[in-house]
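**Student:** what follows is a predicted structure for the sequence shown.
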2 protein chains.
Amino acid sequence: MGMGRPREFDAETALDQAMEVFWRHGYEGATIAQLTEAMGINPPSLYACFGNKEGLLKAALDRYTKLRNIWMDEVVAAPTARAVAERMLMGIADKQTDPANPPGCLLVQGGIACGTGSENVPFELAARRAQNEDQLRDRFIRARAEGDLKESADPAALARYVSAVSVGMGVMASSGADREALRQVADVAVQAVEAQSARG
Amino acid sequence: MGMGRPREFDAETALDQAMEVFWRHGYEGATIAQLTEAMGINPPSLYACFGNKEGLLKAALDRYTKLRNIWMDEVVAAPTARAVAERMLMGIADKQTDPANPPGCLLVQGGIACGTGSENVPFELAARRAQNEDQLRDRFIRARAEGDLKESADPAALARYVSAVSVGMGVMASSGADREALRQVADVAVQAVEAQSARG
DNA sequence: CCACATCTGTAGTGAACACTACATATTTGG
DNA sequence: CCAAATATGTAGTGTTCACTACAGATGTGG
């Protein structure tokens, strides 16, 4: 039995293009016509490979979070809680204003609110944002155990805080804030973490 | 010449219902069918009164920001920069988890990214968020002049920071964060403003 | 070279969308 | 009571959407 005609496009390259469309227009705002054009394929190829529009989004999110998690590993490798927050937020300021990508964050731009039939999309994005928050929380738990954070500090609250600031910066970036403006926000935000550090 | 048949519905009541639909589903996710059903009217009445879907959104935003500005006046009436930040963020934590409304903030849920033909919507929302940021900035400028904030403090950056945290909290609320979780975020966030205060 | 499996491009499909034509109903001014 | 003006409900309009049937192309195993 033969193995059939091989695929003529590269799935990961196509996903990168789809990611950009979702990033710029959101899940509901992105049309199959825009997606297929950006990916350089026709609808049947898209559906054969990714199932449907939501499957394509999930695949794009998988790719996005995979790259992002590599970066997050570098972030939590910083020596102190303050350094972690600074590396995270300054990195966010730069990444969210990188002209190579649409402004903001795919995990926010993808779709915070959706219509009937797509209620699953906001959940999907939230779950992936929560992964990063968990990583931060674990790192802050360690920081407190190491005496880097005060005993009174709440690692979960700190992680939620840093995550919230990241999201807020993403929305600002998507509405036109430039890199310097975001860095100023990050700079202020880090001071709250510093206030929870043992040697403030 | 007669003045015609009078309108049978109350425009402001109808707007409140429309607001809720946009809030929950976003601009693109909200359908005219859902809007008219919630408003208790038929499409021709909607179009006669508000022009089109985008006109309805703008009218709903006008009403939303009108109520919100009243609250913001109370916020900036707080005696110190720290108290302003606390009142703002704690109030946000409560308002964004008020069961009387959909979770989160209409100015975010309304549509951060939109498809072709609705590019104007994210701008419209961003402009209204910027109004609140300007109000905060002016208040922080005064705080610095009064010696409440350090000379080295940047009022514009602080305002942008508080605004970013608010937005981030809104996204968290919309994805299920409860009131207590948001209050913890607010509590941490206020400490950054405190660090910029003269008597920290 | 043949049977089979998978991909590709063309050209649609039904459904849902924002929006509206039109006839009818309800008001005011004379 | 009539004419002008505006609102309402019914029943659509054309367009766009996500998705797919189908025929032909391109590969593998025997």
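**Tutor:** Arrived safely. Note that the coordinates shown come from a computational prediction; the quantities given were computed from them, not determined experimentally. Numbering: from 1, shown residues only, chains lettered A, B, ... in the order given.
**Student:** check chain A for its longest helix and report it.
**Tutor:** The longest helix of chain A (DSSP state H) is helix A:120-145.
**Student:** need the next SSE after that helix, C-terminal direction.
**Tutor:** Scanning forward in sequence from helix A:120-145 by DSSP states H and E, the next helix or strand is helix A:155-174.
**Student:** quick one: that following helix to helix B:155-174, angle?
**Tutor:** Orientation check (axes from the mean of the first three to the mean of the last three Cα atoms, to 10 degrees): helix A:155-174 against helix B:155-174 gives 110 degrees.
**Student:** mean confidence for the longest helix of chain A?
**Tutor:** For helix A:120-145, the mean pLDDT works out to 98.
**Student:** wondering if the helix or strand harbouring A:Leu56 reaches DNA strand D at all.
**Tutor:** Taking DSSP H and E as the criterion, A:Leu56 maps to helix A:53-76. Yes - remark: helix A:53-76 sits within contact range of DNA strand D at A:53-54, by Cβ under 7 Å from any atom of the strand. (Glycine included, C-beta is placed from N, CA and C.)
**Student:** between the longest helix of chain A and helix B:155-174, how many degrees?
**Tutor:** If you take the same axes, to 10 degrees, helix A:120-145 sits at 120 degrees to helix B:155-174.
**Student:** what about helix A:120-145 and chain B, touching?
**Tutor:** Yes - residues of helix A:120-145 contacting chain B under Cβ under 8 Å from any Cβ of the partner chain: A:122-123, A:125-126, A:129.
**Student:** what packs against the helix holding A:Leu56?
**Tutor:** helix A:11-29, helix A:32-39, helix A:43-50, helix A:81-95, helix A:106-109, helix A:120-145 (3 or more Cβ pairs under 8 Å, 6 or more residues apart in numbering or on different chains; DSSP states H and E).
**Student:** anything in the second one near DNA strand D?
**Tutor:** I take that to be helix A:32-39. Yes - counting by Cβ under 7 Å from any atom of the strand, DNA strand D has neighbours in helix A:32-39: A:32-33.
**Student:** coming back round to it: buried among the residues of helix A:120-145 next to chain B? Make that a ChimeraX selection.
**Tutor:** Of the residues of helix A:120-145 next to chain B, the buried ones can be selected in ChimeraX as follows, counting by 16 or more other Cβ atoms under 10 Å in any protein chain shown:
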select /A:122,125,126,129
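**Student:** wait, which of the residues of helix A:120-145 next to chain B is closest to B:Asp62?
**Tutor:** A:Pro122 (26.0 Å; Cβ to Cβ).
**Student:** so what's that closest one up against?
**Tutor:** Listed by Cβ atoms under 8 Å, 6 or more residues apart in numbering or on different chains, the contact set of A:Pro122 reads A:111-114, B:174-175.
**Student:** and these, which two are furthest apart?
**Tutor:** Within those, A:Cys114 and B:Ser175 form the most distant pair, 12.0 Å apart (Cβ to Cβ).
**Student:** so these two - more neighbours on which side?
**Tutor:** Shown here are A:Cys114 and B:Ser175; by other Cβ atoms under 10 Å in any protein chain shown, A:Cys114 has more neighbours (22 against 18).
**Student:** now do the contacts for the more buried one.
**Tutor:** Taking Cβ under 8 Å, 6+ apart, one finds A:27-28, A:121-122, B:25-26, B:29 in contact with A:Cys114.
**Student:** sec struct for it, please.
**Tutor:** Assigned with DSSP: H, G, I helix; E, B strand; the rest coil, A:Cys114 falls in the coil class.
**Student:** do stretch A:156-172 and chain B meet?
**Tutor:** Yes - legend: contact between stretch A:156-172 and chain B by Cβ under 8 Å from any Cβ is shown at A:156-158, A:160-161, A:163-169, A:171-172.
**Student:** out of those, who's nearest DNA strand D?
**Tutor:** Distance ranking of the residues of stretch A:156-172 next to chain B against DNA strand D, using Cβ to the nearest atom of the strand, places A:Val171 first at 23.2 Å.
**Student:** isn't the closest one right up against B:Ser166?
**Tutor:** No - assessed by Cβ atoms under 8 Å, A:Val171 is found out of contact with B:Ser166, at 10.0 Å.
**Student:** the more surrounded of those two?
**Tutor:** Taking other Cβ under 10 Å, A:Val171 and B:Ser166 do not tie; A:Val171 has more neighbours (30 against 27).
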